[in-house]
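J.: Please work out how this folds:
(2 chains)
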Amino acid sequence: MDAICVEGLTKRYGTRVGVSEVSLRVEAGSVYGFLGPNGAGKTTTIRVLMGFLQPSGGQATVLGQNCWAESDSIKRDVGYLPGDLRLYPWMTARRALDLFGSVRGIDLVSPGLLFAEEFGLDADVLVRSMSRGMRQKLGIILALAHKPKVLILDEPTASLDPIMQEKLHEHIRKLSGAGHTIFLSSHTLSEVERLCDRVAILRDGRLMAEESIDVLRGRAARRVTVRWRNAGDAASGPLPPLDIDRRTEKELSGTLSGTMSELISWMGRRSDGIEDLSIGEPDLTEVFHGFYR
Amino acid sequence: MNVGLIRKTFYETWAGTLCFAAGVFAFQILLAIILPQFQDGLGEIIEHLKFVQYIVAALLGTEVSAQMGPQAFSAMPWVHPAVLALTWAHGIMFCTRVPVSETEQGTMDVLLSLPVRRSSVLMSDTVVWIVWGCVISGFALIGNVCGGFFSESDAPVEILPRVGVAANLLCVYLCVGAVARAFSSICERRSRAIGGAFAVVVASFVLQTLSMFNENLSSLSFLSLMEYYRPLQILGGDGWAIGDMVVLLGASGVLWGASVLVFLRRDIRTS
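T.: I've put the predicted structure just below:
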């Protein structure tokens, strides 16, 4: 079953188009990355999913319910962290958990305080005295405390230190393993690469790609370096299937332009003179940047 | 309506409301003690200055005779600009919190990420608003009664008519708040919502005053809030001005309903 389903979603702000004809499906239990440069329409899509914006066209559903018409009941099972998180300055973490628990009709204080302890957040500090990172931690705790089936995170690791980022990643993996769905918008490509099963890439309000990370990895260029034993060998004989960008008398390096089997068969023909061959990990950054440009 | 949201609103607003209520109480008690002491002098000023007479009449909600009696003076604390300004200011400030201020500050995102209907957000806020309206009117009443006991006025301190004036003040408070709530629903910035509500209230008062001078404008005086605020009539024993209160409550209900409809349909954009 799809946890999130967006079909032909269009949102216009007067004459400006926020998103246009965006369609995507997020499988239950997966971690879904949502990428794109600033102003691409990521936040607009997320705000439609949260029922903050009414679609101009198309529709969006979360757990089979319409995001605009049934927004309130959807949120029983949704945890949300806004990209630009603003909390009430008079709140402490303890009070926030108490009040939000009272709104939800469940106890959020006990699980929330456990998260606070784990994330190193003092539960009795007023929001107005918190640093940006601390507020972000509180936002994450409020999104996680009720154990939502779907977690929508808009740039969650912004303003978190690397240790906290790793802790959050651990939680995301754990939740995904337990069958929860995570919809994550991010600018950090390495984060998306490490966490997500599938990604959608937006640009100028349009969906440029929607693929699994493995497929994108298959498309990603690999950096290959070949070193010969003798000077001058690099210039003689058939060249490897590379887009060569660096050449010395003993060494060639560049990105793989053919398939891996082509490279291996070339190696078989030239193996006698080769001293070393290194093949890098697929680099998704270039793939993402290709969609961004 | 949601108990958690009501608790949140109470927590956010109790301190400010108590300050406003204390201000209203203080002005009422002071005015109720001081004004009767100047009854003769003020009566003469009002008799000679027609313009002042019109303004006092606009405030009191009825024409005043040149010879103002103790009842007119006992009504004046209820229409003193300080008391009205505090009451209206609270209504406007409170009702421009949700939705416009929360949207502008970005906290609406957090609020609406909870499983509550938008109508429930407004309903919960409205419950607290009405309670605070009762508190402010109640403080005005207590202040006026206490001041009445300490004043040198010949008029007896009758409680029931004063309760009627406090109820009338509450209706005005609710109507001003409903105007502010309507602006709050359509504006993107709180300053604009406050400005709009303030402009309506001031225009309403100006209309009421001008209608005293101008025959043509007097036919429009039904549009003014002050037309339905009748402390002098109520204290004079003409009853509780139920009809005026119904008009104020009806207008409040219509404006409130319109604001709910707008809020249910509007986009909550990032600030």
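J.: My reading is that B:G257 is in a strand; is that accurate?
T.: No - read with DSSP: H, G, I helix; E, B strand; the rest coil, B:G257 is helix and lies in no strand.
J.: Report the beta-bridge partner residues of the closest residue to chain B within the stretch 151-293 of chain A.
T.: Nearest residue of the stretch 151-293 of chain A to chain B: A:I152, at 8.7 Å (CB to the nearest CB). Quick note: C-beta positions are derived from backbone N, CA and C, even for glycine. Beta-bridge pairing for A:I152 (DSSP bridges): A:Y80, A:F183.
J.: Tell me the helix or strand right after the host helix or strand of A:M208.
T.: For A:M208, the host element (DSSP states H and E) is strand A:206-212. Using DSSP H and E, the helix or strand that directly follows strand A:206-212 along the chain is helix A:213-219.
J.: Any chance you could list what contacts that next one?
T.: For helix A:213-219, the external contacting residues (CB atoms under 8 Å, 6 or more residues apart in numbering or on different chains) are A:G33, A:V192, A:E193, A:C196, A:D197, A:R198, A:V199, A:A209, A:P282, A:L284, A:V287.
J.: who does the helix or strand following that helix touch, helix- and strand-wise?
T.: Counting by DSSP H and E, the next helix or strand C-terminal to helix A:213-219 is strand A:223-228. Secondary-structure packing of strand A:223-228 (3 or more CB pairs under 8 Å, 6 or more residues apart in numbering or on different chains; DSSP states H and E): strand A:251-256, strand A:274-279.
J.: Could you identify which of these is most buried?
T.: Compared across the helices and strands packed on strand A:223-228, strand A:251-256 shows the largest average neighbour count, a mean of 18 (mean count of other CB atoms under 10 Å in any protein chain shown).
J.: Give me the sheet partners of it and which way each runs.
T.: The strands beside strand A:251-256 in its sheet (DSSP bridges) come out as strand A:223-228 (antiparallel), strand A:242-247 (antiparallel).
J.: Would you mind finding the most buried of those strands?
T.: Note that of the strands paired with strand A:251-256, strand A:223-228 is the most buried (mean count of other CB under 10 Å), with a mean of 20.
J.: That one to strand A:274-279, inter-axis angle?
T.: Here strand A:223-228 points in a direction 180 degrees away from that of strand A:274-279 (axes from the mean of the first three to the mean of the last three CA atoms, to 10 degrees).
J.: Around chain A, pick out the residues from the stretch 101-250 of chain B.
T.: Within the stretch 101-250 of chain B, the positions adjacent to chain A are B:Q105, B:G106, B:T107, B:D109, B:V110, B:L112, B:S113, B:L114, B:P115, B:V116, B:R117, B:S120 by CB under 8 Å from any CB of the partner chain.
J.: give me every residue that touches the closest residue to the fifth one other than its chain neighbours.
T.: Counting by CB to CB, 6 or more residues apart in numbering or on different chains, A:L87 is the residue found nearest to B:V110 once chain neighbours are left out, at 6.2 Å. For A:L87, the contacting residues are A:A96, A:V127, A:R135, A:L138, A:G139, B:T107, B:V110, taking CB under 8 Å, 6+ apart as the criterion.
J.: What pLDDT is listed against residue 250?
T.: All of this is about chain A. On pLDDT, A:K250 comes in at 85.
J.: To clarify, I was referring to chain B.
T.: 97.
J.: hmm, back to that, report the buried members of the residues of the stretch 101-250 of chain B next to chain A.
T.: Buried members of these, counted by 16 or more other CB atoms under 10 Å in any protein chain shown: B:Q105, B:G106, B:T107, B:D109, B:V110, B:L112, B:S113, B:L114, B:P115, B:V116, B:S120.
J.: Take those and write them to TSV, including secondary structure and pLDDT.
T.: Shown next, in TSV, are those (DSSP: H, G, I helix; E, B strand; the rest coil; pLDDT from 0 to 100):
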residue	secondary structure	pLDDT
B:Q105	helix	93
B:G106	coil	92
B:T107	helix	95
B:D109	helix	94
B:V110	helix	94
B:L112	coil	95
B:S113	coil	96
B:L114	coil	96
B:P115	coil	96
B:V116	coil	95
B:S120	helix	94
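J.: Look up how far A:I141 lies from the residue nearest to B:V110.
T.: The gap separating A:L87 from A:I141 is 11 Å, by CB to CB, to the nearest Å.
J.: Check B:A251 too.
T.: For B:A251, the distance to A:I141 (CB to CB) stands at 44 Å.
J.: Compare the two and say which one has the larger neighbour count.
T.: Shown here are B:A251 and A:I141; by other CB atoms under 10 Å in any protein chain shown, A:I141 has more neighbours (25 against 17).
J.: Is that one part of a helix or strand, or is it coil?
T.: Look at A:I141: counting by three-state DSSP, its state is helix.
J.: That one: what's it in contact with?
T.: A:A93, A:L97, A:G112, A:F115, A:A116, A:F119, A:L121.
J.: re the thing from before, from the contacts of helix A:213-219, which ones fall inside strands?
T.: A:G33, A:R198, A:V199, A:A209 (DSSP state E).
J.: Bridged to the second one, which residues?
T.: Yep, that's A:R198 we're talking about. When bridges are taken as DSSP bridges, the partners of A:R198 come out as A:Y32, A:S212.
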